[in-house]
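>>> Pasting a predicted model and its sequence here:
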Amino acid sequence: MPEQPLEENNCETDGIFSPVAGIIGALQANEVLKTVLGLKEDLNNNILVFNSLSMSLRKIKIKKNIKCLNKCT
């Protein structure tokens with residue numbers, strides 16, 4: 001087992017595992033095609049989270065922050 005690194009590993013400093021970029025790109029392209037063809041509703045107010053370690057997807061409902069919207073407009 002390798003020793004724990006002295007610095008924290010993150011995407012900013014180490015990049016990402018390249019197959020993950022391909023998987024996410026394919027998911028995005030699939031969602032676009034389904035939307036353009038009218039085969040499904042958009043992921044409105046939801047975010048799709050991909051866990052590459054467990055190869056799982058989950059959909060999380062998100063809410064708009066009314067206070068933020070008022071400040072931004």
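That came in fine, so what should we check first?

>>> pLDDT below threshold where in this protein?
Scanning the chain for pLDDT under 70 picks out 1, 5, 69-73.

>>> in this structure, which residue is closest to the centre?
Nearest residue to the geometric centre of the chain (Cα atoms, centre = their mean): residue 49, 5.0 Å.

>>> which residues touch it?
Contacts were defined as Cβ atoms under 8 Å, 6 or more residues apart in numbering; by that measure residue 49 touches 57-60. All C-beta spots, glycine's among them, are computed from the backbone N, C-alpha and C.

>>> okay, the strand or helix carrying it in PDB with CA atoms only?
Under the criterion of DSSP states H and E, residue 49 resides in strand 46-51. The C-alpha coordinates for strand 46-51 follow below in PDB (Å, rounded to 0.1, in the frame of the first residue of the first chain):
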ATOM      1  CA  ASN A  46     -32.500  18.200 -10.300                       C
ATOM      2  CA  ILE A  47     -28.900  17.400 -10.500                       C
ATOM      3  CA  LEU A  48     -27.500  14.000 -11.600                       C
ATOM      4  CA  VAL A  49     -24.600  12.800  -9.500                       C
ATOM      5  CA  PHE A  50     -22.300  10.100 -10.800                       C
ATOM      6  CA  ASN A  51     -20.100   8.100  -8.300                       C
END
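
>>> helices and strands around the next helix or strand after it, which ones?
Counting by DSSP H and E, the element after strand 46-51 in chain order, helix or strand, is strand 56-61. On a contact count with 3 or more Cβ pairs under 8 Å, 6 or more residues apart in numbering; DSSP states H and E, strand 56-61 meets strand 46-51.

>>> Describe which strands the strand it packs on pairs with in its sheet and in which direction.
With DSSP bridges as the test, strand 46-51 is paired with strand 56-61 (antiparallel).
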